[in-house]
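> Below is the sequence, then the predicted model.
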Number of protein chains: 2
Amino acid sequence: MKLENPTPIDWKFSVRAEQLQSSAIREILKVTMRPEVISFAGGLPSPATFPVERMKAAFDKVLSEQGKMALQYGPTDGYAPLREFLAKSLSTPTSTILPEQIMMVSGSQQALDLIGKVLVDEGSKVLVETPSYLGALQAFSVYQPQFESVDTDEHGLIPASVAEKGQGAKLMYALPNFQNPTGRTLSIERRYELVETCARMGIPLIEDNPYGDLCYSGEPLPKMLNMNPDGVIYMGSFSKVLTPGIRLGYIVAPVPLIRKLEQAKQASDLHTAQLTQMVVYEVIKDGFLEEHIPTIRALYSRQCDVMLEAMNQHFPASVSWTRPEGGMFIWVTLPAHMDSKQLLDEAIAQNVAFVPGGPFYANEAEKNTLRLSFVTVSPERIHEGIEKLGKLIKAKL
Amino acid sequence: MKLENPTPIDWKFSVRAEQLQSSAIREILKVTMRPEVISFAGGLPSPATFPVERMKAAFDKVLSEQGKMALQYGPTDGYAPLREFLAKSLSTPTSTILPEQIMMVSGSQQALDLIGKVLVDEGSKVLVETPSYLGALQAFSVYQPQFESVDTDEHGLIPASVAEKGQGAKLMYALPNFQNPTGRTLSIERRYELVETCARMGIPLIEDNPYGDLCYSGEPLPKMLNMNPDGVIYMGSFSKVLTPGIRLGYIVAPVPLIRKLEQAKQASDLHTAQLTQMVVYEVIKDGFLEEHIPTIRALYSRQCDVMLEAMNQHFPASVSWTRPEGGMFIWVTLPAHMDSKQLLDEAIAQNVAFVPGGPFYANEAEKNTLRLSFVTVSPERIHEGIEKLGKLIKAKL
């Protein structure tokens, strides 16, 4: 029984959906899946760091001991023991984080979507760094805000610019550690000034921290969350310290906001898989991350050094770049007249890929910028790819 | 370093979030977690049906053989072999479904959210059954539609009412098999008429089908999807035939809509866990569901019989109820003057729980209705609970 010659539907999308676009990165990634391509485009962590055996043992244990519970519907705010564990690890002597301030989500990207859903109306002013994380711009843009780009310099976001531009803002979104895309880190002094400015102006401050643990030396800088737990919305993730494919992250926020976010999550996907949360708790509860994270830091630090060295060798003097102290990315600024999108076309023709900087800007894009990731490519291929890029750039001078 | 006496934030939620409420069901579930409560309130499948050992073996196999890939970021539209498998099982001799018409989601609830996000503007007319699935009302309401309740009778939705009320509607949402909350099934003739009406009026028709496989006898009725693949948005789920806690479902839709839904999913949570999809594929690829589903049908059918028998015995003649041919729910209509919410308070005092019917109505609620689930309670306790309910109702006559 089938309809004959039905009138085809003339799809009319919602206003918010009309302006949705596929992420430039994911589109580039499709092109660069070919094994011969040296891709610096990905934001993917290195699979060499995934503790597969440990995860496998944990799945086995949880399913053997609490299988029926793990596979049943679960609470929207998440698995209680994991939330308690996180609350404890996020607390400091002067700032206690409680489990009821924490909600588990299906990866940080969902945190961004839920925050947008719950706080942003059409035309709401949303402050972002210049440049900012593409995935955040994409998540918020669905709710049709007015983005205001906060000024930055080589040390990252300038808090005074928030004071100047932030009047009436609904949100300030910041990624203070080894920022995606620039690799920059915000100093303690600037963090404090930013927290203070946002509190004074009544602007909720989002601290997105997926890379914070990946510092190459020393200890991570203090979290803005702990400077003002009543005014900061903190986002954490297991994607970069464990594995991204399990889709597990969390939001920490004042209780009235967490309860509203919980309602929004209930309407969005009921809850995040209980099994995943129980497995991650099983993996990390006895301190595994404390031995595991240093191995990721060491690997990424070595890879970063290789890329920086290759850039020193092959890039012309008119190109500048950041020297990250952690994380996964280097940000490159070409001479002002060059367009990194054009460079990408030429690079792909030579089997090298990166992400052009344009999509990371909420307002006016600096088209002569690009992002390089160094974590999934072997040292030999980093050298080869950077040499090719260097030649292409020199040819344009 | 902590801010001293920061000004507390005066949380202002978005307009869409202001009207968000926690689901009545999940609130009731919190009350009824106590083991002494006989709860007919849950929408949870019976954990006795979860194939825990099979899942455990599949997690072990996938992690052993393809661990790094399973734990890495994955494509937004989902794991290709699973999508191919589903495309094949959804195809009929007269209607071929292609893998590119399918996107995997984190449970059906996410399908509802994404469809709302992509198709519903403030004030858009959305047609729903009277009553309709609460979770759908909740998901869509975030996008501020104007709900129009389509008339129903004891055989479910009346297609002529769609013709009468549907002019200019953005969506028609229907749950044709063993509907949540009524347990009703739409006949083949009505399905065809509904598909034809929606196609003629240019209204995208959502066919939500979480319970379709749980028919107590015979074979599932034909899907509306196969009657008009160009006009129907089909939603499937593994929650009721495998386990709900893994959060895995899928949307089938015409390609232009799937591509837009894919962009929306990318902004919402990037993708659904690859590991989960690979494990489900591993579990079902050789026909496991064909042996497993009959065991669920048999269990639920027995439980349903027990409840219907207890109702015959203990409920007064002025109460009527549905006799479902599958699924998990019975819908009860009390005498017109009774309020099921009041009855719930009295029932909970006697350790019996159910869901009052009110929240399932998009517009005017029939307050004398309620939903009973029979799948997770033992036969003895079903009898005990129904007897108590019967007494409470009789006392109100």
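Nice, thanks for sending it over. Numbers count the residues shown, from 1 in each chain, chains lettered A, B, ... in the order given.
> OK, contacts around A:Pro181?
A:Pro131, A:Tyr133, A:Leu134, A:Phe329, A:Trp331, A:Val355, A:Gly357, A:Phe360, A:Arg371 (CB atoms under 8 Å, 6 or more residues apart in numbering or on different chains). All C-beta atoms are positioned from the backbone trio N, CA, C, and that covers glycine.
> In strands, which of these appear?
A:Phe329, A:Trp331, A:Val355, A:Arg371 (DSSP state E).
> is A:Glu207 in a bridge, and if so with what?
Using DSSP bridges, the bridge partners assigned to A:Glu207 are A:Ala174, A:Tyr234.
> you'd agree it is up against A:Lys223?
Yes - taking CB atoms under 8 Å as the definition, A:Glu207 is a contact partner of A:Lys223 at 6.5 Å.
> Quickly list what's touching both of these two.
Residues touching both A:Glu207 and A:Lys223 by CB under 8 Å, 6+ apart: A:Tyr234.
> Comparing those two, which residue is more hemmed in?
A count of neighbours by other CB atoms under 10 Å in any protein chain shown puts A:Glu207 above the other of A:Glu207 and A:Lys223, at 26 against 23.
> Do I have it right that A:Arg323 meets A:Met311?
No - checked against CB under 8 Å, the pair A:Arg323 and A:Met311 is beyond contact range at 9.8 Å.
> more neighbours, those two?
Using other CB under 10 Å as the criterion, A:Arg323 and A:Met311 rank with A:Met311 on top: 21 against 12.
> Now the element after the host helix or strand of the more buried one, going C-ward?
Under the criterion of DSSP states H and E, A:Met311 resides in helix A:288-314. Downstream of helix A:288-314, the first helix or strand assigned by DSSP H and E is strand A:320-321.
> What is that following strand packed up against?
Applying 3 or more CB pairs under 8 Å, 6 or more residues apart in numbering or on different chains; DSSP states H and E, one finds that strand A:320-321 makes contact with strand A:329-333.
> any idea how far A:Thr376 is from A:Pro210?
Relative to A:Thr376, A:Pro210 is positioned 16 Å away (CB to CB, to the nearest Å).
> Please, which helix or strand holds A:Val195?
helix A:188-201.
> Report the separation between the two terminal residues of stretch A:181-193.
Start to finish, the residues bounding stretch A:181-193 are 22 Å apart (CA to CA, to the nearest Å).
> Could you give the separation of it from the chain centroid?
15 Å (CA atoms, centre = their mean, to the nearest Å).
> thinking again about what came up before, now, among the ones in strands among the contacts of A:Pro181, which is nearest to chain B?
Chain B lies nearest to A:Val355 out of the ones in strands among the contacts of A:Pro181, by CB to the nearest CB, at 14.7 Å.
> Please look at the closest one and A:Arg26 and confirm they touch.
No - A:Val355 lies out of contact with A:Arg26 (CB under 8 Å); the separation is 10.4 Å.
> out of these two, which sits in the more crowded spot?
Regarding A:Val355 and A:Arg26, a neighbour count based on other CB under 10 Å identifies A:Val355 as having more, with 27 against 21.
> one step back: residues in contact with the helix holding A:Val195?
A:155-160, A:162-163, A:166-167, A:169, A:172, A:174, A:176, A:186, A:203-205, A:221-222, A:224, A:227-228, A:231-232, B:1, B:3, B:6-7, B:9.
> Put the buried members of those into a ChimeraX selection.
To isolate the buried members of the contacts of helix A:188-201 in ChimeraX, using 16 or more other CB atoms under 10 Å in any protein chain shown:
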select /A:156,157,158,159,162,163,166,169,172,174,176,186,203,204,205,221,222,224,227,228,231,232 /B:3,6,9
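> Give me the subset of the contacts of helix A:188-201 lying in helices.
Among the contacts of helix A:188-201, the members falling in helices (DSSP state H) are A:Pro159, A:Ala160, A:Val162, A:Ala163, A:Met224, A:Met227.
> hang on, isn't the third one packed against A:Glu129?
Just to be clear, that refers to A:Val162. No - look at A:Val162 against A:Glu129 with CB under 8 Å: they stay out of range, at 10.1 Å.
> what residues are shared contacts of these two?
Jointly contacting A:Val162 and A:Glu129 under the rule CB under 8 Å, 6+ apart are A:Val150.
> Residues of the stretch 251-397 of chain A that sit close to chain B?
When proximity is defined by CB under 8 Å from any CB of the partner chain, the stretch 251-397 of chain A lies next to chain B at A:254, A:256-257, A:260, A:262-264, A:266-276.
> Tell me the secondary structure at the residue of the stretch 201-350 of chain A found nearest chain B.
Here the stretch 201-350 of chain A gets closest to chain B at one residue, A:Thr243, 3.7 Å apart by CB to the nearest CB. The assignment at A:Thr243 comes out as coil when based on DSSP: H, G, I helix; E, B strand; the rest coil.
> so it touches A:Met55, yeah?
Yes - the criterion here is CB under 8 Å, and A:Thr243 meets it with A:Met55 at 7.0 Å.
> which residues of the stretch 201-350 of chain A score low on pLDDT?
Residue ranges of the stretch 201-350 of chain A with pLDDT under 70: none are present.
> thinking again about what came up before, A:Thr243 and A:Met55: who's more crowded?
Comparing A:Thr243 with A:Met55 by neighbour count (other CB under 10 Å), the higher total belongs to A:Thr243, at 28 against 23.
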